[in-house]
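# Have a look; sequence and predicted model below, questions after that.
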Amino acid sequence: MNTTQTLQPLTREQLARRVARDIPDGSYVNLGIGMPVLIAAHLPAGREIVLHSENGILGMGPPPAPEAADRDLINAGKQPVTLLAGGAFFHHADSFAMMRGGHLDICVMGGMQVSAAGDLANWSLGRAGEPPAVGGAMDLAVGARRVYIMMDHNAKDGTPKIVQRCTLPLTGAGVVSRIYTDLAVIDVTPDGLVVRDMIDGLTLPMLQSRTGAPLRAA
């Protein structure tokens with residue numbers, strides 16, 4: 001991941017590039033609101049990856065230059081996007097039918113907590129009076145064939161975001177396939193959390209000390 005010998009977490013752009021590298025050719029992919037939208041700018045050249053947005057777009061391209069942005073061409077996060085040749089618009093209901101029908105190969109979403117069993121919490125901090133706003137995240141979590149989570153390894157207060165059991169309201173139970181953080185790439189398997197990759201200078205014991213669930217090496 002990182003070529004230096006000092007412990008330097010990945011920036012958001014570097015993390016987006018790392019996730020993009022693992023998306024196979026020919027995949028239909030939904031990029032969730034927030035950090036995952038950065039992936040669109042880092043997809044490998046020559047690899048055909050069809051991007052979907054739940055507000056009814058298939059075939060999105062990289063972000064536009066600021067002066068070329070079209071305020072009527074936006075993704076689900078209301079950010080300007082581009083449309084590649086062959087791209088399409090369709091009804092919101094058709095978009096959700098794609099999501100719920102298992103037609104997306106991968107969904108990349110942000111996360112607040114991921115459990116050792118692959119449970120995902122990414123829509124609420126559980127505060128009193130907080131309105132329900134899970135939106136399309138629950139449809140994507142259960143409908144996509146693989147769910148990748150892209151997030152910081154630890155919260156701002158240093159607490160682990162990868163935990164034994166989620167304490168926040170769930171988006172989906174047992175839905176996460178792989179976790180990409182600014183420190184490591186971790187697979188969720190029937191035998192637990194398996195570390196596939198780490199930033200240079202980081203050891204498994206160091207990573208374990210910042211994680212709230214048991215890890216093992218690949």
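Great, that's in hand. Numbering: from 1, shown residues only.
# Next secondary structure after the strand or helix carrying residue 14?
In the assignment (DSSP states H and E), residue 14 maps to helix 12-21. Helices and strands here follow DSSP H and E; after helix 12-21, the next one along the chain is strand 28-31.
# Tell me which residues are up against that following strand.
If you take CB atoms under 8 Å, 6 or more residues apart in numbering as the criterion, strand 28-31 is touched by 23, 37, 39-40, 49-54, 58, 75, 99, 103-108, 140, 144. Heads up, the C-betas are built off the backbone N, CA and C, glycines and all.
# so how far is residue 80 from the residue located most distally from the centre of the chain?
No residue in the chain sits farther from the centre than residue 67, which is 27.9 Å out by CA atoms, centre = their mean. Residue 67 sits 11 Å away from residue 80, going by CB to CB, to the nearest Å.
# Give the buried subset of the contacts of strand 28-31 as a PyMOL selection command.
Selection command for PyMOL covering only the buried members of the contacts of strand 28-31, criterion 16 or more other CB atoms under 10 Å:
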select buried, resi 23+37+39+40+49+50+51+52+53+54+58+75+99+104+105+106+107+108+140+144
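# In helices, which of the contacts of strand 28-31 appear?
Secondary structure from DSSP state H places 99, 140 of those in helices.
# what's the helix or strand for residue 168?
Assigned by DSSP H and E, residue 168 belongs to neither a helix nor a strand.
# For it, list the residues it contacts.
Counting by CB under 8 Å, 6+ apart, residue 168 touches 112-113, 121, 124-126.
# same check, this time on residue 60
Here residue 60 is in contact with 40, 51-53, 75, 81-84, 87 (CB under 8 Å, 6+ apart).
# okay, these in CSV with distance to residue 165 and pLDDT next?
Listed next are the contacts of residue 60 as CSV, based on distance: CB to CB, whole Å; pLDDT from 0 to 100:
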residue, distance to residue 165, pLDDT
40, 33, 96
51, 33, 98
52, 31, 97
53, 32, 95
75, 32, 93
81, 37, 95
82, 41, 96
83, 42, 96
84, 41, 95
87, 41, 96
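# before we move on, the earlier item: only whichever of the contacts of residue 168 are buried, select them in ChimeraX.
With 16+ other CB under 10 Å as the criterion, this ChimeraX line picks the buried residues out of the contacts of residue 168:
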select :112,113,121,124
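# From the contacts of residue 168, pick the one nearest residue 202.
Of all the contacts of residue 168, residue 202 sits closest to residue 113, with 21.2 Å by CB to CB.
# pLDDT value on that closest one, please?
pLDDT recorded at residue 113 is 98.
# Count the residues that sit near the nearest residue in space to residue 41 that is not next to it in sequence.
In space, residue 41 comes closest to residue 62 once its chain neighbours are excluded; the distance is 4.9 Å by CB to CB, 6 or more residues apart in numbering. By the criterion of other CB atoms under 10 Å, residue 62 has 14 neighbours.
# Can you tell me what sits against the helix holding residue 14?
Residues contacting helix 12-21 (CB under 8 Å, 6+ apart): 1-2, 10, 35-36, 38-39, 41-44, 108, 148, 150, 180-182, 185.
# Pull out the buried residues from those.
Neighbour-count burial (16+ other CB under 10 Å) applied to these gives 1-2, 10, 35-36, 38-39, 42-43, 108, 148, 150, 180-182, 185.
# Return the item of those residues having minimum pLDDT.
residue 2 (43).
# hang on, the earlier thing: could I have the helix holding residue 14 exported to PDB, CA atoms only?
Taking Å, rounded to 0.1, in the frame of the first residue of the first chain, the C-alpha atoms of helix 12-21 are listed here in PDB:
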ATOM      1  CA  ARG A  12      -8.900   9.200   1.300                       C
ATOM      2  CA  GLU A  13      -7.700   9.400  -2.300                       C
ATOM      3  CA  GLN A  14      -5.200   6.700  -1.700                       C
ATOM      4  CA  LEU A  15      -7.800   4.500  -0.100                       C
ATOM      5  CA  ALA A  16     -10.200   5.100  -3.000                       C
ATOM      6  CA  ARG A  17      -7.400   4.000  -5.400                       C
ATOM      7  CA  ARG A  18      -6.800   0.900  -3.300                       C
ATOM      8  CA  VAL A  19     -10.500  -0.100  -3.400                       C
ATOM      9  CA  ALA A  20     -10.700   0.700  -7.200                       C
ATOM     10  CA  ARG A  21      -7.800  -1.700  -7.800                       C
END
